[in-house]
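[1] quick one, fold the following:
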Amino acid sequence: MTSNEMLATYESLSELTGTMLAAARGGEWDRLVALEERCQDHVGSLMQAEPMKLSAAEMRAKVAIIRTILQHDAQIRALTEPRMHELQQNLALMRTTRRSLDAYGAQRG
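    Sure, this is the predicted structure:
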């Protein structure tokens, strides 16, 4: 991967995280998950790339893009964490209900 390809991948990742943020703001959870999978592909390709020496301008560009990605990520987390907490509570309630039904059914049988 060349430095231009690497920066383009980071830029694409930044755009994806921006789209993910819009999906999270809109409560489009299925779309968010699909976009997250695409992000993982980009991250995987960046992780597999050989380390390279960047010029000062390229490094500044990379740092600016990464900051944007991290800002998107923080905002996405702020939007998704309450939803995740709600889902965890619903699952706990379902487990408790299921245990109660199982216990009641066992007593009747």
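[2] who are the packing partners of the least confident helix or strand in the chain by mean pLDDT?
    Taking mean pLDDT, DSSP states H and E as the measure, the helices and strands of the chain show their lowest mean at helix 56-108, namely a mean of 85. Counting contacts by 3 or more CB pairs under 8 Å, 6 or more residues apart in numbering; DSSP states H and E, helix 56-108 packs against helix 3-25, helix 29-48. The way it works is simple: take the backbone N, C-alpha and C, and place the C-beta from them, glycine included.
[3] average pLDDT across the longest one?
    Per-residue pLDDT over helix 3-25 has a mean of 95.
[4] and the angle from the least confident helix or strand of the chain to helix 3-25?
    Counting by axes from the mean of the first three to the mean of the last three CA atoms, to 10 degrees, helix 56-108 points 40 degrees away from the direction of helix 3-25.
[5] and helix 56-108, how far from the chain's centre?
    10 Å (CA atoms, centre = their mean, to the nearest Å).
[6] which residues are in contact with the closest residue to residue 42 other than its chain neighbours?
    Here the nearest residue to residue 42 in space, its sequence neighbours aside, is residue 13; by CB to CB, 6 or more residues apart in numbering that works out to 4.5 Å. In this structure, residue 13 makes contact with 39, 42, 43, 46, 65, 69, judged by CB atoms under 8 Å, 6 or more residues apart in numbering.
[7] residue closest to the middle of the protein?
    For the chain, the residue whose C-alpha lies nearest the mean C-alpha position (CA atoms, centre = their mean) is residue 36; its distance is 4.7 Å.
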